[in-house]
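# The following block contains a protein sequence and its predicted model.
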Amino acid sequence: MPQATATLAPPAPVEGARRSTGSDFAPLLRQVKEQGLLERRTGWYTRGITVNLLGLAAVITGMTLIGGSWWVLLLAPLLAVVSARTAFFGHDAGHSQITGARRGSRVIQLIHANVLLGMSQEWWNDKHNRHHANPNHTDKDPDVAAEVLVFTQKQAKGRDGIRGWLTRHQAWLFFPLTTLEGIALKVYGFQAVFSKEAGARQPRRERALEGLLLLAHVGAYVTLLLTTMPLGHAVVFALVHQMLLGLHLGMAFAPNHKGMEVPDEQSGERWGHLRRQVLTSRNIRGGLVTDWFLGGLNYQIEHHLFPSMPRPHLRLAQPLVRAHCRSLAVSYTETGLVDSYRQALTHLHKVGEPLRADA
């Protein structure tokens, strides 16, 4: 059942608490370091990655054995789940959560992103790092840029034609559109790696490696499908796999920031690291199943405060972060999974309200 949102904050700031400065974060960082929560969990990740690769091998084996039958489509959802785990491990490697060695992190991410998913790790890192630096900032966070969806009424203003129609109905279209996310990640990655702009951002050798790995993924994926099943089965299998992968990733990303605070630098108020990350993020309650399904992103506040913190430590850091926010009168937002989707969709619906009124 959905749980009500809890926004933890006392009615008045603690006497002497500092406003919007980096020093608000320092005591919390010290506590987290003292408890060893920033130390790597290489063994935990090794086991998780191994299990995921074994799952991938099992699905491929199943495709080989029953690919001539339509029953093979039952394996597409399993492959989507394995692919989502792959994306989560690639995400963690990009944040140096798995190992502190830069080269090791890059190798792990290249395998998970480029080889297994067909997604450019360099493109993802650039985009995701800009998101972490300025979450929910409409001018600086690429995740809330006005594209297919818009996230503020200011962005919605003046949209007409097909874009206006999408904005008016974006709350209803959100989850159907997420089914395209798995394909979109590949397309954006290919565009980034093979564009002229990529040459200025990335050394030629690294760019060439990324491009070769992306092409290797496409070749291996197509070969796997066509050698294990007839063409018609292969097309339907690929569609189901990619659409469910996109939906799974969308369900993991959707609750995190939509409908939360939007920084406004024009107002003159500047937030420090703690407020910038906490006020724009939403946590999702749940147990180990929720942690697994959302890849640890249900601890979005802790993840944004400590991007390099290993995934299994986010749950342990939560009580420290919650207590620290309470002491500073900083709102700490936490809700149930279903209610988080309700809040996100309600926000998207509200954004399109002026256009619906005009129509």
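Sure thing, it's come through. Residues are numbered from 1 along each chain as shown.
# Helices of the stretch 101-250 of the chain, start to end?
Assigned by DSSP state H, counting those that start in this stretch, the helices in the stretch 101-250 of the chain fall at 102-109, 116-117, 121-133, 153-156, 161-168, 170-178, 181-193, 196-201, 204-228, 231-253.
# what mean pLDDT would you report for the shortest one?
When pLDDT is averaged over helix 116-117, the result is 96.
# name the helices or strands packed onto that helix?
Helix 116-117 sits against helix 75-94, with contacts defined as 3 or more CB pairs under 8 Å, 6 or more residues apart in numbering; DSSP states H and E. Just so you know, the C-beta spots here come from the backbone N, C-alpha and C atoms, and that holds for glycine as well.
# So which bits of stretch 121-136 are buried?
Within stretch 121-136, the residues that qualify as buried are 121, 122, 123, 124, 125, 126, 127, 128, 131, 134, 135, 136, counting by 16 or more other CB atoms under 10 Å.
# could these go into CSV alongside distance to residue 336 and pLDDT?
Putting the buried residues of stretch 121-136 into CSV (distance: CB to CB, whole Å; pLDDT from 0 to 100) gives the following:
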residue, distance to residue 336, pLDDT
121, 33, 92
122, 36, 91
123, 33, 92
124, 29, 94
125, 31, 93
126, 33, 92
127, 29, 93
128, 26, 95
131, 24, 95
134, 28, 92
135, 22, 94
136, 21, 92
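# looking at the helices of the stretch 101-250 of the chain, which is closest to residue 69?
Set against residue 69 and scored by CB to CB, the helices of the stretch 101-250 of the chain come closest in helix 231-253, at 8.2 Å.
# Next, the angle from that closest one to helix 75-94.
Per axes from the mean of the first three to the mean of the last three CA atoms, to 10 degrees, the angle that helix 231-253 makes with helix 75-94 is 40 degrees.
# what about helix 231-253, distance to the chain center?
Relative to the centre of its chain, helix 231-253 is centred 17 Å away, using CA atoms, centre = their mean, to the nearest Å.
# what is the mean pLDDT for the host helix or strand of residue 30?
Assessed by DSSP states H and E, residue 30 sits inside helix 26-34. In this model, helix 26-34 has an average pLDDT of 96.
# Okay, buried residues for it please.
For helix 26-34, burial by neighbour count (16+ other CB under 10 Å) applies to 28, 29, 32.
# who touches the residue lying closest to the first one once chain neighbours are set aside in this structure?
Read it as residue 28. Leaving aside its chain neighbours, residue 28 sits nearest to residue 324 (4.5 Å; criterion: CB to CB, 6 or more residues apart in numbering). Neighbouring residues of residue 324 by CB atoms under 8 Å, 6 or more residues apart in numbering: 27, 28, 31.
# switch the cut-off to 10 Å
Contacts here follow CB atoms under 10 Å, 6 or more residues apart in numbering; on that basis residue 324 touches 24, 25, 27, 28, 29, 31, 32, 274, 278, 305, 330, 332.
# Correct me if wrong: the first one contacts residue 330.
Yes. The pair formed by residue 24 and residue 330 meets the contact definition of CB atoms under 10 Å, at 7.8 Å.
# What is the end-to-end distance of stretch 137-148?
Stretch 137-148 has its terminal residues 17 Å apart, counting by CA to CA, to the nearest Å.
# which SS class is residue 296?
Three-state assignment for residue 296 (DSSP: H, G, I helix; E, B strand; the rest coil): coil.
# State the distance from the residue sitting nearest the centre point of the chain to residue 221.
Centroid-nearest residue in the chain: residue 253, 4.5 Å away (criterion: CA atoms, centre = their mean). Using CB to CB, to the nearest Å, residue 253 is found at 23 Å from residue 221.
# shaky segments in the stretch 1-150 of the chain?
Residue ranges of the stretch 1-150 of the chain with pLDDT under 70: 1-22.
# helix, strand or coil for residue 341?
Classification of residue 341 by three-state DSSP places it in helix.
# so it sits right up against residue 252, yeah?
No. With contact defined as CB under 10 Å, residue 341 does not count as touching residue 252 (11.4 Å).
# which neighbours do these two share?
Each of residue 284 lies in contact with both residue 341 and residue 252 under the rule CB under 10 Å, 6+ apart.
# Could you double-check that residue 340 lies in contact with residue 253?
No. The criterion here is CB under 10 Å, and residue 340 misses it with residue 253 at 11.2 Å.
# tell me, what's touching these two both at once?
Here residue 340 and residue 253 have 294, 300 as joint contacts, going by CB under 10 Å, 6+ apart.
# what residues are up against residue 62?
Residues near residue 62 by CB under 10 Å, 6+ apart: 71, 72, 74, 75, 78, 79, 228.
# What strand or helix carries it?
Secondary structure assignment for residue 62, by DSSP H and E: helix 42-66.
# Most tightly packed of the helices of the stretch 101-250 of the chain?
Among the helices of the stretch 101-250 of the chain, helix 116-117 has the highest mean neighbour count (mean count of other CB atoms under 10 Å), at a mean of 23.
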